[in-house]
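Asker: make a model of this:
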Amino acid sequence: MNAFDEASELAPALRAELAAEIAAQGLPPDFIATIERWYLPLAALLARAHAGRCRPGSDSGNTGSGNTDAGKTLIVSINGAQGSGKTTLTHFVRLLLARHFNLAAVEFSLDDFYLTQQQRQQLKADVHPLLATRGVPGTHDLTLASSVLEQLRSCSSTRPCFIPRFDKAQDDRLPASAWTRIVSPVAVVLFEGWCNHAPVSSVADLVEPCNELERLEDADGRWRQYVNQQLQAYHTALFSQAHILVHLAVPGFEQVYQWRQLQEAKLASKAGAAAPGVMDSGQLQRFIQHYERLTRDCLAVLPTVADIVLQISRQHQIEALQYQPQLFPDQAE
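Answerer: Numbers count the residues shown, from 1 in each chain. Next comes the predicted model:
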């Protein structure tokens, strides 16, 4: 039995809940078809992977069925370029896991761990001016992110977990009073980020600039070398905690700017075009160049190493889902 066979029909009450959420997200009503055709099989795969961790003799070293203690929490890393749809996918897969598969799931983004504006200004002064711009490895609180991911394995009413939140419109972290509080055990953690599991470059690969930003503002390569060094630390402290890697494979970097523009327009309509973190077309083009090198590396490498790959068409639609079958024990036996 494959994931498409296992993904049974949605209950009417859940369909109604999803329809309401689709409207709240500003998506077209027919988006329910994407949820049923692609997100539901993906959720089924993750549910099967979680069940595999709960089997006697699994790599978690635990026995039992369905408990969500620290050894059985499934950590899912979701990689996708800016504008690829990873945040939308993560949100609806969490709902499906909770409502359809009865698995307590939490979602959060690498973006939630950006350093504060003040901290990035300090990086700008101490290391390189380009580090004032959020996004690349080195502009996140890696210690906090690693700690939160570890703590989510053992949340409870007596040991609550707190997930920070970042306000992109204000370009700063929200106060701790606005962080998400988790007070019960977690079965599945969905952790999405544009550079999750990005490959680390060799020194030789960093010599030639990949765009105008690197050529004009990082002529000596100090910024990209620093980012690459930080990326290695992300793999060690953060990405290594994941059990499953999901990659959204977009056709090419050319689509990233186009799709990221749509995100910015949505942010502007919500926060107002004059909000500090909202960018015009020129600012956005420069902003995306900060991400180009690692995004291109992800597009070249991750489709060959990810556990689950969703192919995205030029029309911004999912057109295929592939996965490594040996990683998802068949629960139909």
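Asker: got the contact list for stretch 283-300?
Answerer: In this structure, residues lying in contact with stretch 283-300 by CB atoms under 8 Å, 6 or more residues apart in numbering are 79, 81-82, 130, 133, 135-137, 194-195, 197-199, 201, 210-214, 224, 227, 231, 247, 249-250, 252-253, 256-257, 260-261, 264, 279. (Glycine included, C-beta is placed from N, CA and C.)
Asker: let's see 7 Å
Answerer: Counting contacts by CB atoms under 7 Å, 6 or more residues apart in numbering, the residues outside stretch 283-300 that touch it are 79, 81-82, 130, 133, 135-136, 194-195, 198-199, 201, 210-213, 224, 249-250, 252-253, 256-257, 260-261, 264, 279.
Asker: weed out the non-buried ones from these.
Answerer: 79, 81-82, 130, 133, 135-136, 194-195, 198-199, 201, 210-211, 213, 224, 249-250, 253, 256-257, 260-261, 264, 279 (16 or more other CB atoms under 10 Å).
Asker: okay, and which of the residues you listed map to strands?
Answerer: Counting by DSSP state E, the buried ones among the contacts of stretch 283-300 place 79, 249 in strands.
Asker: next, give phi and psi for Val188.
Answerer: The phi/psi pair for Val188 (degrees, to the nearest 10) reads phi -130, psi 130.
Asker: excluding chain neighbours, what is closest to it?
Answerer: Once flanking residues are discounted, Val188 sits nearest to Ala105: 4.2 Å by CB to CB, 6 or more residues apart in numbering.
Asker: ok, the one you found - contacts?
Answerer: 94, 97-98, 187-188, 190.
Asker: circling back to that earlier point, among the buried ones among the contacts of stretch 283-300, which lie within helices?
Answerer: Those of the buried ones among the contacts of stretch 283-300 mapping onto helices are 213, 224, 253, 256-257, 260-261, 264, per DSSP state H.
Asker: next one, pLDDT for the residue nearest to Val188 please.
Answerer: Per-residue confidence (pLDDT) for Ala105: 97.
Asker: cool, the one 3 residues further on as well?
Answerer: pLDDT, the model's per-residue confidence, is 94 for Phe108.
Asker: please name the nearest non-neighbouring residue to it.
Answerer: Ile163 (4.9 Å).
Asker: please apply the same query to Thr73.
Answerer: Leaving aside its chain neighbours, Thr73 sits nearest to Arg153 (4.5 Å; criterion: CB to CB, 6+ apart).
Asker: what residues sit buried inside the longest helix seen in the chain?
Answerer: Secondary structure of the chain per DSSP H: the longest helix is helix 281-305. Within helix 281-305, the residues scored as buried using 16+ other CB under 10 Å are 284, 287-299, 302.
Asker: run through who's touching the helix or strand hosting Thr87.
Answerer: Here Thr87, judged by DSSP states H and E, is contained in helix 86-99. Contacts with helix 86-99, where a contact means CB under 7 Å, 6+ apart, come from 14, 17-18, 21, 25, 35, 39-40, 42-43, 46-47, 78, 80, 103-105, 107, 109, 188, 190, 192, 248.
Asker: where does the stretch 201-333 of the chain have low pLDDT?
Answerer: Applying pLDDT under 70 to the stretch 201-333 of the chain picks out residues 267-269, 271-277, 329-333.
Asker: which residues of this structure fall in helices?
Answerer: Under DSSP H, the chain gives helices at 3-6, 12-24, 31-34, 40-53, 86-99, 117-126, 142-151, 212-217, 222-237, 253-271, 281-305.
Asker: Throw those into TSV and include distance to Gln324, thanks.
Answerer: As requested, the helices of the chain are exported to TSV (distance: least, CB to CB, whole Å):
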stretch	distance to Gln324
helix 3-6	12
helix 12-24	28
helix 31-34	23
helix 40-53	10
helix 86-99	18
helix 117-126	38
helix 142-151	23
helix 212-217	35
helix 222-237	20
helix 253-271	26
helix 281-305	10
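Asker: got the CA coordinates for stretch 205-221 in PDB?
Answerer: The C-alpha atoms that make up stretch 205-221 are tabulated as PDB, following Å, rounded to 0.1, in the frame of the first residue of the first chain:
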ATOM      1  CA  ASP A 205      33.200  27.200  -4.800                       C
ATOM      2  CA  LEU A 206      33.000  30.500  -3.000                       C
ATOM      3  CA  VAL A 207      35.600  32.300  -5.000                       C
ATOM      4  CA  GLU A 208      33.500  33.600  -7.900                       C
ATOM      5  CA  PRO A 209      30.500  35.900  -7.000                       C
ATOM      6  CA  CYS A 210      27.200  34.500  -8.100                       C
ATOM      7  CA  ASN A 211      25.400  37.900  -8.600                       C
ATOM      8  CA  GLU A 212      25.700  41.600  -8.500                       C
ATOM      9  CA  LEU A 213      25.300  41.800  -4.700                       C
ATOM     10  CA  GLU A 214      28.300  39.500  -4.100                       C
ATOM     11  CA  ARG A 215      30.300  41.200  -6.800                       C
ATOM     12  CA  LEU A 216      29.800  44.700  -5.500                       C
ATOM     13  CA  GLU A 217      29.200  44.300  -1.800                       C
ATOM     14  CA  ASP A 218      31.200  41.200  -1.000                       C
ATOM     15  CA  ALA A 219      34.200  41.600  -3.400                       C
ATOM     16  CA  ASP A 220      36.600  39.900  -1.000                       C
ATOM     17  CA  GLY A 221      34.200  37.100  -0.200                       C
END
